[in-house]
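>>> Build me a model:
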Amino acid sequence: MKIEQIYTGCLAQGAYYIESNGEAVVIDPLREVQPYLDRAKQDGAQIKYVLETHFHADFVSGHIDLAKNTGAKIVYGPNAKTGFDAHIATDGEVLKVGNISIKVLHTPGHTMESTCYLLFDENGKESAIFSGDTLFIGDVGRPDLAQKSTLTMADLAGHLYDSLRNKVMILPDDVTVYPAHGAGSACGKNMSKETVSTIGAQKVNNYALRANMTKAEFVHEVTDGLLAPPKYFPENVRLNKEGYESFEEVMKRSAQALSPRAFEEAVNSTGALMLDVRHESVFHQGFIPNSIFIGLDGQFAPWVGALVADVNLPLLLIVEPGREEEAITRLSRVGFDKVLGYLAGGFEAWKNAGMEVDSFQSISADELAANLEKYEPKNILDVRKPGEFAAEHIKDVESVPLDFINEYMGDLDKQKKYFVHCAGGYRSMIAASILKSRGFVDIVDVKGGFGAIHESGKFETTDYVCPSTIKRQKEKEVVVEDINSYN
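Just a heads-up that it's a prediction; the model follows:
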């Protein structure tokens, strides 16, 4: 028996390949399926099942293409309704794969079709559970992504409590836990950086699996402080339920090299968003006016999904030569299939053609301290997440989380000078590019982010959060009545 976790850091997502005696299954595959086909070929194995733990919201699964390529059966748990041929398993159903067995455990709560898969080894011993978004390492799935008119977020959290205690926590302590996500995913709020654990370790270390925890306590703690889910989630759910264009077709259509003039004409004729995916250290030095920075060397796809509201918006890419296919692939993973092409030769080709360029300043923490002799803390925008801000921040600075910068834009003055920082520099460059594209005239990025600010020792910091900031954050928390139905 072979179990392989295929972890994709950009999405903080874990897919799984399991092989036994010439038969294999893939659990929660990414959209590009060739890596799974290559693994099976290397083992001389036939992929028998594609197991889906639920209708994913944060990425487009490769279940349909993988089934087409292999003849494998797509399997979902109870309550799932698909627009394609799939086997809807019953709770407790057992699937045979080579010399091992996989038992279907229906665990509603994150969504109502959420299902875990319990693996029994060649000796019939309970060996591992593939827990999807039901159980993470250090956390559980958020219960606000599958609401119907008759179900509230609290109802779903209650279902999740029952699922965990009646189906998962009763398993032997030595059963390995393989979740669908780790730290950085928007599918939970307190996930560990670890991507593998055991049932016993989670009973000790996971707040949501605390002994003697009442259902009321669980519901409160799991739902407390949830921010609204990223806007691309509903479209990804739809694609996963109804079907999607093959990845090969998306790549063929999108990988179009455009000269600087053709690129400019495409922008003018289509209104496409120019997405610059180079490294943040070079972007601020020169970029195409009105382009948005979201770098490939970070959590690229989730940030595109969080900040670009419409997955059907046409995109034009500015990429370091040689990384074009990587950018298109990672966009397709979150349902952004409308890439019209990329700038041939990258930004250097644009500059060498004498086309218009823009830039903004990036300063050190020491230089920021010197600027505060003239400017106030209110001129500093902290774009980290609310939890990071609450832990420690520059005194008298208000939080403007990057996740919701579009909503906060109306609170800012376009004629005012702003110094923007995050934790290390990636998110602040995204925020600065968005502000610049929206007509803010004087934007300065702070290199090294809060890490450099703290290390400089030149700023008074606090963990006190002012009332106006609390009010603004509360406005961004999940409101049950306003969440769209995902099922």
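
>>> give me every residue that touches the nearest residue to Ile6 once chain neighbours are set aside.
Closest residue to Ile6 apart from its sequence neighbours, by C-beta to C-beta, 6 or more residues apart in numbering: Ala15 at 4.6 Å. Quick note: C-beta positions are derived from backbone N, CA and C, even for glycine. Ala15 makes contact with 5-8, 26-30, 36 under the criterion C-beta atoms under 8 Å, 6 or more residues apart in numbering.

>>> between those residues, which has the most around it?
In terms of neighbours by other C-beta atoms under 10 Å, the contacts of Ala15 top out with Val26 at 32 neighbours.

>>> picking up where we left off before, can you give the distance of the host helix or strand of the residue nearest to Ile6 from its chain's centre?
Ala15 belongs to strand 13-20 when assigned by DSSP states H and E. In terms of C-alpha atoms, centre = their mean, to the nearest Å, the centre of strand 13-20 is found 20 Å from the chain centre.

>>> Stretch 310-319 now?
Distance, stretch centre to chain centre, for stretch 310-319: 18 Å (C-alpha atoms, centre = their mean).

>>> Give me the distance between the two termini of that stretch.
Start-to-end span of stretch 310-319 (C-alpha to C-alpha, to the nearest Å) is 21 Å.

>>> could you give the mean pLDDT of it?
Regarding stretch 310-319, the rounded mean pLDDT is 96.

>>> How about stretch 150-169?
On average, stretch 150-169 scores 95.

>>> Asn231: neighbour count?
Careful, residue 231 is Lys; it's not Asn. 16.

>>> Against Pro302, how distant is it?
12 Å (C-beta to C-beta, to the nearest Å).

>>> Equivalent analysis for Leu118, please.
For Leu118, the distance to Pro302 equals 29 Å [C-beta to C-beta].

>>> By mean pLDDT, flag the weakest helix or strand of the protein.
Among the helices and strands of the chain, helix 467-476 carries the lowest confidence by mean pLDDT, DSSP states H and E, at a mean of 61.

>>> remind me which residues of this structure are low pLDDT?
The model of the chain has pLDDT under 70 over residues 147-149, 466-487.

>>> residue boundaries of the strands in the stretch 351-487 of the chain?
361-363, 380-382, 393-394, 417-421, 442-446, 461-462 (DSSP state E, counting those that start in this stretch).

>>> measure the residue nearest the centre of the chain to Phe59 for me?
Centroid-nearest residue in the chain, with C-alpha atoms, centre = their mean: Pro302, separated by 3.9 Å. Separation of Pro302 from Phe59 (C-beta to C-beta) stands at 9 Å.

>>> what is in contact with these two at once?
Common neighbours of Pro302 and Phe59 (C-beta under 8 Å, 6+ apart) are 11, 334.

>>> does the residue nearest to the centre of the chain really touch Leu11, like I thought?
Yes. Judged on C-beta atoms under 8 Å, Pro302 makes contact with Leu11 at a distance of 6.4 Å.

>>> Around Val222, how many other residues sit close by?
What Val222 shows, counting by other C-beta under 10 Å, is a neighbour count of 28.

>>> Tell me which residues touch it, please.
Here Val222 is in contact with 140, 142-143, 157, 160, 208 (criterion: C-beta under 8 Å, 6+ apart).

>>> That concludes my questions; thank you for your assistance.
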